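Asker: For reference, the sequence and a predicted model appear below.
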Protein chains: 2
Amino acid sequence: MALKSDARQRMVEAALDLFHRQGVNATSVDQVLAKSGTGKGQFSHYFKSKDGLTHAVLQFLTGVIKDGHAPTGYDVKTWKDLENWFLQYIEFQKSVKFERSCPIGTIGNDVTDDQELLRQDVKLFLEWSRNRLTRFFTEKKAAGELVASAKPEALADLCISIMQGGMLLTKMKRETDMFENAASQALAYVRSLRTR
Amino acid sequence: MALKSDARQRMVEAALDLFHRQGVNATSVDQVLAKSGTGKGQFSHYFKSKDGLTHAVLQFLTGVIKDGHAPTGYDVKTWKDLENWFLQYIEFQKSVKFERSCPIGTIGNDVTDDQELLRQDVKLFLEWSRNRLTRFFTEKKAAGELVASAKPEALADLCISIMQGGMLLTKMKRETDMFENAASQALAYVRSLRTR
DNA sequence: GTTTTACTGTACCAAACAGTACAAATCAAC
DNA sequence: GTTGATTTGTACTGTTTGGTACAGTAAAAC
């Protein structure tokens, strides 16, 4: 047992949960160690600093999402999938009692100037997710299901902005009403751009 | 000179700037004191704790916005005003080199469970801003400039979600492209709901 | 089987943290 | 101008912070 590094993975997963809950700056390394049942020794061995741990957390988190093993995925192929893309975030918020925001947004918001490496991690994921949604709209447009004036990139940016803002508003208000309204308006807009 | 409490106000304004820049959790009380040129004595006298200071910051910040003395205002009366409402946020981001997000969102995101009072401050402001935009759309609808199916509250929520998400994405990506796209799509949607 | 290498546990450090104690100064009222 | 409240400066406290030192253990390499 104890694959290549059991302790390392436990630390990453504990940190992810705590970072998502309270943010990076409000989470101490000792909290992560206590939660994962590890010690300072392992921590220094696997990550040279807290930034190193945060980097590992971002790598793990984006990997999980890209592989489709997260509660919220980016495998959008149909119009129904797009609706579900919003719904899965709203459902997630309900499952965590509206106490969190998007993990990428939460961690990304805590990144400061002297952490360029971490900001790149976040930026790369944002570009990946943008490409994912852009591809969907591009395909639909190529299939003649969207009017010629529709801009795939802009539609993708609309969805992601609403998701980020909606997740944050939900956490701050402890209810999904604004998020749900914004999502349904976005879907109505997309519907208005569809050919019939 | 030195009105009723010069030091108190200096602390609040210094804290607002630091909180907006780095977040509440990444800002120490000592940093605020150094920046405002005050001491621990004043701090304990005017605010009994860091939470007390944060509360005062939120009160000041929301007051400034409500009074229209902030770079971003909510005095929306015409369709052009709505476009400017988005533009002023984008302009603000450019003026701070894309290094910040919405101050309310930044502070609100740092609030944890045991800070109900602070969360109420944030929540009340969100409801105020939502009402402001809702009133605009309601008036336009009453004036017959919006189709009957248009939902004022939902349109307001759409705008605020995009603003919050767009501000956050701008900070994380260090560019306004996604925010600008999302805002222009929202404006296009609103335009499609207008009677001609 | 010995010698590297990888991993883990415990103790420790200096700095930073939020908050307190309390005397000194400033101001207002009378 | 003496009294009493408000305001300010400095020193301090106990705790938590991120990070290090280093010895011990397990595992792999030869």
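Answerer: Ah, there it is.
Asker: Quick check: which ranges of chain A have low pLDDT?
Answerer: By pLDDT under 70, the weakly predicted segments of chain A are A:1-5.
Asker: leaving aside the residues next to it on the chain, what's closest to the residue of it found nearest chain B?
Answerer: Chain B sits closest to residue A:165 of chain A, with a gap of 3.0 Å, by Cβ to the nearest Cβ. All C-beta atoms are positioned from the backbone trio N, CA, C, and that covers glycine. Once flanking residues are discounted, residue A:165 sits nearest to residue B:165: 3.0 Å by Cβ to Cβ, 6 or more residues apart in numbering or on different chains.
Asker: Neighbours of the one you found, how many?
Answerer: 32 (other Cβ atoms under 10 Å in any protein chain shown).
Asker: did I read that right, it in a helix?
Answerer: Yes - with DSSP: H, G, I helix; E, B strand; the rest coil as the criterion, residue B:165 is located in a helix.
Asker: Contacts only, for it.
Answerer: A:160-166, A:168, B:182 (Cβ atoms under 8 Å, 6 or more residues apart in numbering or on different chains).
Asker: Kindly indicate which of those lies nearest DNA strand D.
Answerer: For the contacts of residue B:165, the residue nearest DNA strand D by Cβ to the nearest atom of the strand is residue A:168; the value is 23.2 Å.
Asker: check contacts around that closest one.
Answerer: So residue A:168 contacts A:101-102, A:105, B:105, B:108-109, B:164-165, B:168 (Cβ under 8 Å, 6+ apart).
Asker: who's in contact with the helix or strand that contains residue A:45?
Answerer: Per DSSP states H and E, residue A:45 falls inside helix A:40-46. The contact list for helix A:40-46, computed with Cβ under 8 Å, 6+ apart, reads A:5, A:7-8, A:11, A:29, A:32-33, A:53, A:56.
Asker: Stretch A:185-196 too?
Answerer: By Cβ under 8 Å, 6+ apart, stretch A:185-196 touches A:79, A:82-83, A:86, A:144-147, A:149-150, A:155, A:158-159, A:162, B:151, B:154-155, B:157-158, B:185, B:188-189, B:192.
Asker: Make a PyMOL selection of whichever of these turn out to be buried.
Answerer: In PyMOL, this line selects whichever of these come out buried by 16 or more other Cβ atoms under 10 Å in any protein chain shown:
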select buried, (chain A and resi 82+83+86+146+150+155+158+159+162) or (chain B and resi 151+154+155+157+158+185+188+189)
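Asker: circling back: please report which of the contacts of residue A:168 has the highest neighbour count.
Answerer: Neighbour counts for the contacts of residue A:168, by other Cβ under 10 Å, peak at residue B:165, which reaches 32 neighbours.
Asker: For the helix of greatest length in chain A, list every residue counted as buried.
Answerer: Using DSSP state H to define each element, chain A has its longest helix at helix A:116-142. Using 16+ other Cβ under 10 Å as the burial criterion, the residues of helix A:116-142 that qualify are A:118-119, A:121-123, A:125-126, A:129-130, A:132-134, A:136-138, A:140-141.
Asker: can you tell me if it touches chain B.
Answerer: Yes - contact of helix A:116-142 with chain B (Cβ under 8 Å from any Cβ of the partner chain) involves A:119, A:122-123, A:126, A:130.
Asker: still on that earlier bit, DNA strand D next: which of the buried residues of helix A:116-142 are close?
Answerer: By Cβ under 7 Å from any atom of the strand, no member of the buried residues of helix A:116-142 lies near DNA strand D.
Asker: element containing the residue at minimal distance from the centre of chain A, please.
Answerer: Against the mean C-alpha coordinate of chain A, by Cα atoms, centre = their mean, the closest residue is residue A:104 at 4.4 Å. Using DSSP H and E, residue A:104 sits in helix A:103-110.
Asker: Whether that helix contacts DNA strand D - can you check?
Answerer: No - contact of helix A:103-110 with DNA strand D (Cβ under 7 Å from any atom of the strand) is absent, the minimum separation being 11.5 Å.
Asker: Give the other helices and strands that that helix contacts.
Answerer: Using 3 or more Cβ pairs under 8 Å, 6 or more residues apart in numbering or on different chains; DSSP states H and E, the elements in contact with helix A:103-110 are helix A:6-22, helix A:50-66, helix A:116-142, helix A:152-173, helix B:103-110, helix B:152-173.
Asker: So for DNA strand C, which of these sits nearest?
Answerer: Nearest to DNA strand C, of those and by Cβ to the nearest atom of the strand, is helix A:6-22 at 3.7 Å.
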